[in-house]
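In: the sequence isn't on hand, but the structure is:
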Ligand code: MG
């Protein structure tokens, strides 16, 4: 029997190239949990999860400690029985979705390497080129319009625009962006990150109708499922749940209520690929298409997401551009990412990405062994 012999837990710290402002916070760096699962056949599975205090309720420090506890549960066991292993993690300690995501991706990566298949093929998918949106952080309307025009000149076909300060400024942001790019392209998506109340959201979305906005992500606080349902019934712009949806239970409830038009799946919320597949299945059954988004993953997490997209035809919107937050790329292998948002997969076994040795060497880490 194949067993897990060793698990490396790495706390990877990466500064942002420039501060990124959303309604919930201004971010200038990210700390990522990287998990490397070694097995008795000499293979290594690699995963990533990005704890986000204000979304997943995890801080890097708590995530690092939680990872040690989870790793202790896994060593000595068969890593190929993914359902059993992830169920054990889930039952052992609630929540901690970003940490469990890192283990989940590592186990899927390992399984695909045992099958000698790229992850998309293990999941039953076919390789395709993915066109991600590019995300524009909150700034003045003028500065955001300049960024938008630069992206469109680079060939970007969809923009995700962060909003959520006050009504007039938010409307001015979208107006100036739409006017600065050609009216037929690109697609414009909004993300309010829970900033509005129901009345404000309806007011703003009604005012934005003329600017051809594809969808508005999380206009209301994460807990307000009833508000989302009422807003969706009156808004001229489609509504997407992000912070309101973590797992299949949220997906089922939102679908049953008819509360939203889209789900935003993030592996750090769904505790990885297993949870993401469940959400997507509920979405597909309910006629709700999904976006695959992210926190601020390196190309490890983004590679896992890209492989998932290739296996899920109901995931139709792609927000994978987080590697552009960073000046440095600590990852070898995995997807290729171009400034125009084009993501290209490789046929290496698994998702193909791993930390470069020098980053493993210089990062804070813990090693849990089978003994
Ligand atoms: Mg969002």
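Out: Nice, I can see it. If you're wondering where the values come from, they're calculated on a predicted model, not measured in any experiment.
In: contact residues of the stretch 51-200 of the chain facing the ion?
Out: Contact residues, the stretch 51-200 of the chain versus the ion (Cβ under 5 Å from the ion): residue 191. Every residue, glycine included, has its C-beta placed from N, CA and C.
In: list the contacts for residue 351?
Out: 46, 105, 108-109, 112, 118-119, 300, 303-304, 306-307, 334 (Cβ atoms under 8 Å, 6 or more residues apart in numbering).
In: as a markdown table, those with pLDDT, neighbour count and secondary structure would be great.
Out: Listed next are the contacts of residue 351 as a markdown table, based on pLDDT from 0 to 100; neighbours: other Cβ atoms under 10 Å; DSSP: H, G, I helix; E, B strand; the rest coil:
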| residue | pLDDT | neighbour count | secondary structure |
| --- | --- | --- | --- |
| 46 | 99 | 28 | strand |
| 105 | 99 | 34 | helix |
| 108 | 99 | 25 | helix |
| 109 | 98 | 31 | helix |
| 112 | 98 | 24 | helix |
| 118 | 98 | 22 | strand |
| 119 | 98 | 28 | helix |
| 300 | 98 | 32 | helix |
| 303 | 98 | 33 | helix |
| 304 | 98 | 34 | helix |
| 306 | 98 | 30 | helix |
| 307 | 98 | 29 | helix |
| 334 | 98 | 27 | coil |
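In: what's the burial count for the residue of the stretch 201-350 of the chain found nearest the ion?
Out: Using Cβ to the ion, the closest approach of the stretch 201-350 of the chain to the ion is made by residue 242 at 3.6 Å. Neighbour count of residue 242, defined by other Cβ atoms under 10 Å: 24.
In: gap between the nearest residue to residue 297 once chain neighbours are set aside and residue 343?
Out: Distances taken as Cβ to Cβ, 6 or more residues apart in numbering place residue 322 nearest to residue 297, at 5.1 Å, with adjacent residues excluded. Computed as Cβ to Cβ, to the nearest Å, the residue 322 to residue 343 distance reads 11 Å.
In: residue 38 now?
Out: Taking Cβ to Cβ, one finds residue 38 at 28 Å from residue 343.
In: show me which of the two is the more surrounded one.
Out: Counting neighbours by other Cβ under 10 Å for residue 38 and for residue 343 shows that residue 343 has the greater number, 24 against 21.
In: which residues touch the closest residue to the more buried one other than its chain neighbours?
Out: Take residue 343 and drop its neighbours on the chain: the residue closest to it by Cβ to Cβ, 6+ apart is residue 130, 4.1 Å away. For residue 130, the contact set (Cβ under 8 Å, 6+ apart) comprises 306, 309, 310, 318, 320, 342, 343, 344, 345.
In: mind redoing it with 10 Å?
Out: 292, 302, 305-306, 309-310, 315, 318, 320, 335, 337, 341-345 (Cβ atoms under 10 Å, 6 or more residues apart in numbering).
In: same check, this time on residue 191
Out: Applying Cβ under 10 Å, 6+ apart, the residues contacting residue 191 are 22-23, 135-136, 138, 160-164, 215-219, 240, 242, 264, 293, 319.
In: what packs against the strand or helix carrying residue 152?
Out: Taking DSSP states H and E as the criterion, residue 152 maps to helix 141-153. The contact analysis (3 or more Cβ pairs under 10 Å, 6 or more residues apart in numbering; DSSP states H and E) places helix 141-153 against strand 134-136, strand 158-162, helix 167-180.
In: thanks a lot, see you next time.
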